[in-house]
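Trainee: Pasting a predicted model and its sequence here:
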Amino acid sequence: MYIKIDFESEEALYMQLRNQIVVGIAKRQYREGDSLPSVRQLAEQIGINMHTVNKAYTVLRQEGLIRMDCKGAVIALDFDKLQAMAEINRDLRIILAKACCKKITRAELHAMVDDIYDEYLY
């Protein structure tokens, strides 16, 4: 597992970790049933506190992307599609509002979405 943490970023470390795992799942670097490193192993590997890794894993579990068992964290894409769509709708509303404030056009947004989505499908 390759994770790169930017210690200079304003984004919380646990969110950086969570986001990289989500992108890894979307890009099929991690698949259903794959085990993630233990909290201790991953913390040592990337040089962060175990509580930070635990928090990232907790968020991923709450989002229905992993499950925790006696062996640790496992990719488990058990999710409620309607709930996921509601969460994405909420988050996307803020992103689109920001885009409107910055005068980014609908066409520019669609092109960005298409480019990003293609990264995850191919």
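Mentor: Nice, thanks for sending it over. Residues are numbered from 1 along each chain as shown.
Trainee: Only C-alpha atoms from now on, for both contacts and neighbour counts.
Mentor: Will do.
Trainee: what helix or strand does residue 60 sit in?
Mentor: helix 50-62 (DSSP states H and E).
Trainee: Which is the succeeding secondary structure element to that helix?
Mentor: strand 66-69.
Trainee: what's the burial count for residue 24?
Mentor: By the criterion of other CA atoms under 10 Å, residue 24 has 17 neighbours.
Trainee: Skipping its backbone neighbours, what lies nearest residue 24 in space?
Mentor: residue 30 (5.8 Å; CA to CA, 6 or more residues apart in numbering).
Trainee: That neighbour and residue 104: what is the separation?
Mentor: 33 Å (CA to CA, to the nearest Å).
Trainee: Who has more neighbours out of the two?
Mentor: The residue with more neighbours, out of residue 30 and residue 104, is residue 30; 18 against 13, by other CA under 10 Å.
Trainee: Could you chop this protein up by domain?
Mentor: As recorded under automatic domain parsing, the domains making up the chain are 13-75, 81-121.
Trainee: got any ranges where this structure has weak pLDDT?
Mentor: Residues of the chain meeting the criterion pLDDT under 70: 122.
Trainee: And the helices in it, which stretches?
Mentor: 13-26, 39-46, 50-62, 81-101, 106-121 (DSSP state H).
Trainee: For residue 7, find the nearest of those.
Mentor: Set against residue 7 and scored by CA to CA, those come closest in helix 13-26, at 7.5 Å.
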